[in-house]
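>>> just need the structure, nothing else, for what follows:
(one chain, ligands or ions: 2)
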Amino acid sequence: MSLSMDTPLSRVVGPKTAKAMAEQLALHTVRDLLRHYPRRYARRGEMARLDDLEVGDRVTVLAQVKRVSTRKMQRRHGTLTEVTVGDGAGSMRLVFFNNRHAHLAVGEWGLFAGTVGKWQGDLQFTHPDCHVITGDDDDWARALVPIYPASKDVSSWVIQKSVKLLLDDPRSLAEVLDDPIPEPVRDRHGLVSLATALLYKHRPESAAQVEFADERLKWDEALVLQATLAARRRAAALEPGIARPRRGGGLLDAVDAALPFSLTEGQREVGEELAAELAEEQPMNRLLQGEVGSGKTVVALRAMAQIVDAGGQAALLAPTEVLAAQHARSLAAILGPLGRAGELDGDPAGTRVVLLTGSQKAAARREARAAVADGSAGIVVGTHALLQEGVEFADLGLVVVDEQHRFGVEQRDALRAKGARPPHVLVMTATPIPRTVAMTVYGDLETSTLRQLPAGRGGVSSAVVPAGEKPAWLDRAWQRVREEVAAGRQAYVVCPRIGDVEDAGGGGGKDEDGPDDADAPPPETGGASDRRPPLAVLDVAEALRAGPLSSLRVEVLHGRMAPEDKEARMRAFAAGEVDVLVATTVVEVGVDVPNATVMVVMDADRFGVSQLHQLRGRVARGRHAGLCLLVTEAPTSSATGQRLTAVAATTDGFELARLDLETRREGDVLGAAQSGRRSGVRLLSLLDDEQLIAEARVEATRLVEAGRGLADHPELAAAVAALSLDERAEYLEKA
Ligand code: ADP
Ligand code: MG
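Ligands and ions are numbered 1, 2, ... in the order given. Here you go, the predicted model:
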C-alpha cells in the first residue's frame, strides 16, 4: 500500500477502530496518529509491587486478573464491576462503573495505572488505565510501555498496536515522512530526523531516546509556528501602506503643548520609535506593552495626532463601552477646541473625535458613521462596532487596539482591512506578556515596552482577606474603606457577578462583566455545583448600604445598565460624587480615576491572576498610595489561597504573567484563535521552552526571508499550509 501523511486511517486500521478513533480522539489521518504521542511511559523496572503501595500513590502495576464480578448498583443507576488482581506479592481491587473493562478475563495479565485508594480496608484503583497483555505480543516486555491518551472504545493498547503497524514497515514510514525541518537546521541544533524521533517517541528503548524525540518534536512545533508567523510578517512587509511622516505646527504639537505633565523617558523613546515607523511606507505592526498606569494612552494619542497631521484617520478600538467612552472623553478633554473642528467653538485647525459603539442610538450612530466616512472625524474611538460592515473610513491610517488580550487576531485583521492600503497598527496591552508568548501569539508584531511609571505614584499594596477563616478581617476591610473616604478618597468593590435577573437570560453586557473564562483558574475540587454562587454586585451593594458603608454614597456599575446610565455613573464617580463604586469587571480595563485608592475584590478566587492584576491597577493611578484587598473564602493553605497570596506579594507584572501561565494550559494562552490542534502545539511548553522557541524563531525567519522563502522548503511549507488549513477550517466553523 502506498501511504502518505494524509492517508485516512480507515486504510490502516479496521473500519470500526478508524471510526472510533475519528469520533472519540479526532484522529483521521496517518499524520494525526503519528502525532498522537504517548502521555507517559509505564516503566517495567519501576513497576510497583502490590505489597508496598500506599494510599495516594500514582502507580502502574503489573498483575494478573483473579476474579471479575459485575452487579447493578443499589443507589445509583448503572453497574459496578469489581476485579481482583494479584502479582504474587499482594492483591488489590479494581472498580469500574458501567461495564468499562468488564471484558477483563480471569488469568489475563495486564498493566493497571491509577491512584491508590482505600475502601473498607482494602487497597483499590477506581477506573484505572488498563492494558491487557496478550500472549502473542512481546511489547509488554519492553522497558518503557507507552501510555496513550485513550477513549472509551480506543484503548491505549489499540493505539499502540496501530502505531506499530506504521512504524514496523520501515519502507512505508520513510515514504510517509517528509521532514519539515531542513537538514542544516537539524545539524545546527543536533536534532534527530523525524523518522527516528517518531520511532523513539512511540517505541523507546530508553529514557534518553524519549528525550531526543521530545527535543526534536518540540522543534517541529516551534519551527512550524514561527515559520507561519514569519511568513505573515513577510507578506505584510510586501504590501505597502502609506507613509505618514511627522509634520510640525499641527495637532501633535498642540497635544504636546496641552499635556499637563511632561512625558516620561520611556514615553518619549517609544514615541520616537513610533514616529519613525509611521513615517515609513511599510506598515508599522507594533505591540506596546506597559504596566498598568504606565501611560500608554498618551503615547497612542501622539501617534494618532501624527496621522491626522498627515491627512489620515486613526481608529482606537477598546474592549468595552465604558472604556471606549472614557477614551473619547479624555481625548476630547486633552484636545479641547482642537477636538471639535467644525463645531461653533471648534478650532478649524483641529479635527473631530467621534465615538462609535454598538449601543448608541441609531441617529447618533448614523451621524458618527457619516463623519467617519467623509473624513471629518480624524479620531474614531469605538468598540467592536467599529468592525462592522457599513463603517467606512475615508482614509484609515492607524489602528490602535487597546488592551489587546480581549481581541483576537481575526478582529485585528478585520479592522486592518478597512483601509484602502494596510494601515499602521499599534496594539497596546497592560498584561505583561512573557517573552515566549510574545514570540508566539504576537509573533507577527514587533514589541516596545514602557517599563517606567510616571513619577510620583504612590504605589499599591495588596493583602488577602480570608473571610472564611477570619471574618473580623472583613470588618476591618470595610473600616479601611470608610477611613479612605473620610480622607477624601474613593473606593471600588468588585464582584464576579451582576446578580438578580441575569441568570434568567438577560444577555446584555455579557462580555464586559464577570471573570473571563479563559482567564479563570481551573476549579480544584468538586463540581461547580457544590460551591455557592459567586457574590453579586446588586446584593453586595445592598448589604453595604444597609451595613458597614451605610454612611457613604454607594452606587453600582455593571454591563447590563443602559449605556447612558453607565456613562453617567462613571462620570459621577470620576467627579467625586460617588464614594464607593460596586462593580463587575467593567472596571477592569483602563478605567482611570486617580482619586480612587482602595479596591476590595469579593470572591477574588473567581478571577484569574492577570485579571486581578488589571483590577488592582485601577487604584495605583494617582499620587496617593493604593490598597487592594482580595477577599476569599478559600483557606489560606489551599492552592487557591496560595495563588492569591502570590498575587498579593508582587506587583511585578512579568512575574505574575508567569504565575498566570502556570495556572493555565498552553492552549488557553494561545487563545481561542490559536489553540490546540490549530496551533499544532502538543509538546511545546511556553513556560519551559523559551530558549528553544527563540532559536526556532531565528531559524524560521532566516528560512522565510532567504531566497524564495518557504518555496525553497516544500516540506516545511506543507506543514505550515496544513496548519493554516486547520485554521481556516476552524474559522469557517465559527462563522
Ligand atoms: P495605561 O498605560 O494603564 O493605559 P494611562 O494611559 O491610562 O495608563 O495613564 C494613567 C494615568 O497616568 C493617566 O491619568 C494619565 O493622564 C497619567 N499620565 C500619563 N503619562 C504621564 C506622565 N508622563 N506624567 C504624569 N502622569 C501621566
Ligand atoms: Mg489604558
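
>>> same question for the helix or strand harbouring Ala257: list its buried residues.
In this assignment (DSSP states H and E), Ala257 forms part of helix 251-258. Residues of helix 251-258 classed as buried by neighbour count (16 or more other C-beta atoms under 10 Å): Leu251, Leu252, Ala254, Val255. (Glycine included, C-beta is placed from N, CA and C.)

>>> elements contacting it?
helix 296-309, helix 321-335 (3 or more C-beta pairs under 8 Å, 6 or more residues apart in numbering; DSSP states H and E).

>>> now for the ones you listed, which one comes closest to ligand 1?
Closest to ligand 1 of the helices and strands packed on helix 251-258, according to C-beta to the nearest ligand atom: helix 296-309, at 3.2 Å.

>>> angle of that closest one against helix 321-335?
Here the directions of helix 296-309 and helix 321-335 differ by 60 degrees (axes from the mean of the first three to the mean of the last three C-alpha atoms, to 10 degrees).

>>> please work out which residues outside helix 296-309 touch it.
In this structure, residues lying in contact with helix 296-309 by C-beta atoms under 8 Å, 6 or more residues apart in numbering are 244, 246-247, 250-252, 254-256, 259, 263, 267, 270-271, 274-275, 278, 288, 290, 313-314, 316, 327, 330-331, 334, 351, 378-379, 397-398, 400, 402, 424, 426, 428, 430, 450, 590.

>>> can I have the buried ones of those residues as a ChimeraX selection?
In ChimeraX syntax, the buried subset of the contacts of helix 296-309 is picked out as below (16+ other C-beta under 10 Å):
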select :244,246,250,251,252,254,255,263,267,270,271,274,275,278,288,290,313,314,316,327,330,331,334,351,378,379,397,398,400,402,424,426,428,430,450,590
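
>>> filtering the contacts of helix 296-309 by proximity to ligand 1, which remain?
Restricting the contacts of helix 296-309 to those within reach of ligand 1 (C-beta under 6 Å from any ligand atom) leaves Leu263, Gln267, Gly290, Ala430, Gly590.

>>> pull the contacting residues for the residue in the stretch 401-550 of the chain that ligand 1 sits nearest to.
Of all residues in the stretch 401-550 of the chain, Pro454 sits closest to ligand 1, at 3.3 Å by C-beta to the nearest ligand atom. Shown in contact with Pro454 (C-beta under 8 Å, 6+ apart): Phe261, Thr264, Gly293, Ser294, Gly295.

>>> same list, the residues you listed, but as JSON lines with neighbour count, distance to ligand 1 and pLDDT please.
Output for those, formatted as JSON lines (neighbours: other C-beta atoms under 10 Å; distance: C-beta to the nearest ligand atom, whole Å; pLDDT from 0 to 100):
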{"residue": "Phe261", "neighbour count": "11", "distance to ligand 1": "4", "pLDDT": "88"}
{"residue": "Thr264", "neighbour count": "19", "distance to ligand 1": "4", "pLDDT": "92"}
{"residue": "Gly293", "neighbour count": "22", "distance to ligand 1": "5", "pLDDT": "76"}
{"residue": "Ser294", "neighbour count": "25", "distance to ligand 1": "4", "pLDDT": "83"}
{"residue": "Gly295", "neighbour count": "19", "distance to ligand 1": "3", "pLDDT": "88"}
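
>>> and which of those residues is nearest Leu474?
Nearest to Leu474, judged by C-beta to C-beta, of the contacts of Pro454 is Gly293 at 27.4 Å.

>>> correct me, but that closest one touches Gly617?
Yes. Using C-beta atoms under 8 Å, Gly293 is in contact with Gly617, at 5.7 Å.

>>> domains of the protein?
Domain assignment for the chain by automatic domain parsing gives 10-169, 251-278+295-429, 460-650.

>>> how far away from the center of its chain is the second one?
Averaging C-alpha coordinates over domain 251-278+295-429 and over its chain gives two centres that are 26 Å apart (C-alpha atoms, centre = their mean, to the nearest Å).

>>> out of the domains of the chain, which is closest to Leu217?
Once those are compared by C-beta to C-beta, domain 10-169 is nearest, at 7.2 Å.

>>> and of the buried residues of helix 251-258, the nearest to Thr701?
Nearest to Thr701 among the buried residues of helix 251-258, with distances taken as C-beta to C-beta, is Leu252, at 33.5 Å.

>>> for the closest one, give me its contacts.
Arg246, Arg302, Ala305, Gln306, Asp309 are the contacts of Leu252 under C-beta under 8 Å, 6+ apart.

>>> now the strands for the stretch 401-550 of the chain?
Per DSSP state E, counting those that start in this stretch, the stretch 401-550 of the chain carries strands over the ranges 424-429, 446-450, 460-466, 490-494.

>>> just the C-alphas of the helix or strand where Thr196 lies, formatted as CSV.
Thr196 is part of helix 194-202 when elements are defined by DSSP H and E. Extracted C-alpha coordinates of helix 194-202, given in CSV (Å, rounded to 0.1, in the frame of the first residue of the first chain):
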residue,chain,number,x,y,z
LEU,A,194,11.6,12.9,12.1
ALA,A,195,11.5,9.1,11.4
THR,A,196,14.0,8.5,14.2
ALA,A,197,12.1,10.8,16.5
LEU,A,198,8.8,9.1,15.9
LEU,A,199,10.3,5.7,16.5
TYR,A,200,11.9,6.9,19.7
LYS,A,201,8.7,8.6,20.9
HIS,A,202,6.4,5.7,20.2
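
>>> residues of the chain that sit close to ligand 1?
So the chain meets ligand 1 at 261, 263-264, 267, 290, 292-298, 430, 454, 590, 592, 594, 621 (C-beta under 6 Å from any ligand atom).

>>> wait, Arg416 sits on Val399?
Yes. Assessed by C-beta under 8 Å, Arg416 is found in contact with Val399 at 6.1 Å.

>>> which one of these two is surrounded by more residues?
Val399 (25 against 19; other C-beta atoms under 10 Å).

>>> so which elements touch the lengthiest strand in the chain?
Counting by DSSP state E, the longest strand found in the chain is strand 58-72. Other elements packing on strand 58-72 under the criterion 3+ C-beta pairs under 8 Å, 6+ apart are strand 79-86, strand 91-97, strand 109-115.

>>> follow-up on the earlier one: show me the contacts of Pro454 that map onto strands.
Among those, no member lies in strands (by DSSP E).

>>> which one of those is nearest Thr29?
Using C-beta to C-beta, these come closest to Thr29 at Ser294, 47.7 Å.

>>> picking that back up, looking at the contacts of Pro454, which is nearest Asp220?
Ser294 (37.6 Å).
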